[in-house]
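[1] Sequence first, predicted coordinates after that:
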Amino acid sequence: MISRILVTGGAGFLGSHLCERLVDQGHDVICLDNFFTSQKRNVSHLLDRPNFELIRHDITLPIFLEVDQIYNLACPAAPGHYQFNPIKTMKTSVMGIINMLGIAKRCGARLVQASTSEVYGDPDVHPQPESYRGNVNPIGPRACYDEGKRAAETLCMDYVRSNNVDVRVVRIFNTYGPRMHPYDGRVVSNFIRQALWNEPITIFGDGSQTRSFCYRDDLVEAIIRMMNAPPGFHGPVNIGNQSEFTIRELAELVLEQVGGESELIQKPLPKDDPTRRQPDISLAMKNLDWKPTTPLAEGLAKTIEWFRSIDLSDYKPPTPNYS
Ligand code: NAD
Ligand code: UDP
C-alpha cells in the first residue's frame, strides 16, 4: 500500500538514504530539513521524481502536513555538530518531537523516533540491552544531545499512553556509510578523510575505547521494519552492529584499505567520551527478524570508494568543530 511519508532530517546522511528507499518503493515522500548539517546535494537526484517533495523547514516550529507515517530523524548527530549550539540541539529534540507527535496525533499517523545509544551515556553494563537505564552526565557537554533524546523518548511513550499515538522508538548505534558529511568530525569520516589526504590520523585518547559500527543500509532496513512491525510494539529497540572494535583497530583498518602515508597521532580524549559501546540486539532479532549483514571491512570499502568520488570543496564544514 502506498503511504504519504514525512522524513524529517531527510537530507541528512541517514535521512537521504531512507528517502531514496521509500521513493523507490513508490511512496509519496516529503523530505523536511533545515540543512544545518546537510545539503540539498544529498537528495538532488530525487528532486525530479513525482513522488518526492523537499521542504526547507525547522522542526522546532509547527508545520501542518497530512501524512500516514513520520520518520523523525531531524537532529544534529555528530558531537561537533550538536555541541556547536547545544541549546538549539535540545530544542530540536524536544520541541521537534512535540511538533511531530502533534501531527501524528491529528492525522492518526505512525511515528518512528530516531533515538540513540547515547541514552546509555558511558555505560557500566556491557553490551547494552534496552532495559539498561544508562549512565548519562546531565550537565556535561554531551548532555544537550543525550538528555534531549532521552526527553524525546519520554514524550513518545507518554503520547502512546495518554493519546494512543502509534509511536516506535529505535536506539541507533554508531552508523557509517556513503554521504556522511566529510567534515562532521565523526570517527569514520575523519579517519577516511585523513587517510585519503595523507593527513595524520587523529586518535582521541589512547584509542582503547570501543564502538560497534553499523553500515547505513543495514540500519535503514531496520528502521523501515520497525515502522512496519505489527501494532503494539513501541520499543525502544536497539539497532546496530554487534562487532565491537577499538578506535585504534578502526584506524589501522582504514589505513590498510586506503594505503597512503598517514601516521597515527594522539589527541586529548573529549570529556565524557564513552569507553565502551556495543548493542544487545536480541530484541531487534526477535521482533523485527533483523540483523546486520555488512561486515565492517566491506562497509568501509564502500564508504572509502564514495569518499574518493566526491569533491571536498563541495562540502563546507557546517561548524568549526572538526579535526
Ligand atoms: P545528519 O546530521 O546527517 O542528519 C540530521 C539531519 O537533520 C540533517 O540533514 C540536518 O540538517 C537536519 N536537522 C538538524 N536540525 C534540524 C531542525 N531543527 N529542523 C530540521 N532539520 C534539522 O545525521 P545522521 O547521522 O543522518 O542522523 C540522523 C538521525 O539519526 C539523528 O536524529 C541522529 O540523532 C540519529 N542517530 C544517528 C546515529 C549515527 O551514527 N549516524 C547514531 C544515533 C542516532
Ligand atoms: N574519535 C577519534 N578521532 C576522531 C574522531 C573521533 O579517536 O578524529 C573517537 C571519539 O573520541 C570516540 C569515537 O572515536 O571515542 C567515536 O566518536 P564519534 O564522534 O564518531 O561518535 P560517538 O562518540 O558519538 O560515538
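    Ah, there it is. Numbers count the residues shown, from 1 in each chain. Ligands and ions are numbered 1, 2, ... in the order given.
[2] just checking, residue 223 touches residue 113?
    No - Residue 223 is beyond contact range of residue 113, at 9.9 Å (criterion: Cβ atoms under 8 Å). In this view, the C-beta of every residue, glycine as well, is placed from N, C-alpha and C.
[3] quick one: common contacting residues for the two?
    Common neighbours of residue 223 and residue 113, counting by Cβ atoms under 8 Å, 6 or more residues apart in numbering, are residue 170.
[4] more neighbours, these two?
    A direct count of neighbours by other Cβ atoms under 10 Å for residue 223 and residue 113 places residue 113 higher, at 29 against 24.
[5] what's the average pLDDT for the host helix or strand of that one?
    Using DSSP states H and E, residue 113 sits in strand 110-116. For strand 110-116, mean pLDDT rounds to 98.
[6] ditto for stretch 129-146
    97.
[7] Just the buried positions in it, please.
    By neighbour count with 16 or more other Cβ atoms under 10 Å, stretch 129-146 contains the buried residues 130, 132, 134, 136, 142, 143, 144, 145, 146.
[8] distance between that stretch and the chain's centre?
    16 Å (Cα atoms, centre = their mean, to the nearest Å).
[9] what residues does the protein put near ligand 1?
    Listed as neighbours of ligand 1 in the chain under the rule Cβ under 6 Å from any ligand atom: 8-9, 11-15, 33-38, 58-60, 73-77, 92, 96, 114, 116, 172, 174-175, 181.
[10] Secondary structure and distance to residue 120 added to the buried residues of stretch 129-146, as TSV?
    Putting those into TSV (DSSP: H, G, I helix; E, B strand; the rest coil; distance: Cβ to Cβ, whole Å) gives the following:
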residue	secondary structure	distance to residue 120
130	coil	10
132	coil	6
134	coil	4
136	coil	8
142	coil	12
143	helix	14
144	helix	16
145	helix	13
146	helix	9
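[11] so what's residue 235 closest to, chain neighbours aside?
    Nearest non-adjacent residue to residue 235, counting by Cβ to Cβ, 6 or more residues apart in numbering: residue 169, 4.1 Å away.
[12] tell me the residue furthest from the middle of the chain?
    residue 261 (30.8 Å; Cα atoms, centre = their mean).
[13] How much space separates it from residue 87?
    Distance, residue 261 to residue 87, using Cβ to Cβ, to the nearest Å: 42 Å.
[14] just to revisit the earlier point, check which helices and strands the strand holding residue 113 sits against.
    When contacts are defined as 3 or more Cβ pairs under 8 Å, 6 or more residues apart in numbering; DSSP states H and E, strand 110-116 packs onto strand 69-72, helix 86-107, helix 143-163, strand 167-172, helix 216-227.
[15] Does at least one residue of that strand sit close to ligand 2?
    No - applying Cβ under 6 Å from any ligand atom, one finds strand 110-116 separated from ligand 2 by no less than 8.2 Å.
[16] Just the CA atoms of that strand, as PDB, please.
    Extracted as PDB, the C-alpha positions of strand 110-116 are listed here (Å, rounded to 0.1, in the frame of the first residue of the first chain):
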ATOM      1  CA  ARG A 110       2.500   6.200  12.900                       C
ATOM      2  CA  LEU A 111       5.900   7.700  14.000                       C
ATOM      3  CA  VAL A 112       9.400   6.300  14.300                       C
ATOM      4  CA  GLN A 113      11.700   8.300  16.500                       C
ATOM      5  CA  ALA A 114      15.400   8.100  15.800                       C
ATOM      6  CA  SER A 115      16.900   7.800  19.300                       C
ATOM      7  CA  THR A 116      20.400   6.900  20.100                       C
END
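[17] Tell me the strands beside it, with direction?
    Sheet pairing of strand 110-116 (DSSP bridges) gives strand 69-72 (parallel), strand 167-172 (parallel).
[18] Show me what the lowest-mean-pLDDT helix or strand in the chain packs onto, helices and strands only.
    When the helices and strands of the chain are scored by mean pLDDT, DSSP states H and E, helix 79-82 comes last with a mean of 90. When contacts are defined as 3+ Cβ pairs under 8 Å, 6+ apart, helix 79-82 packs onto helix 143-163.
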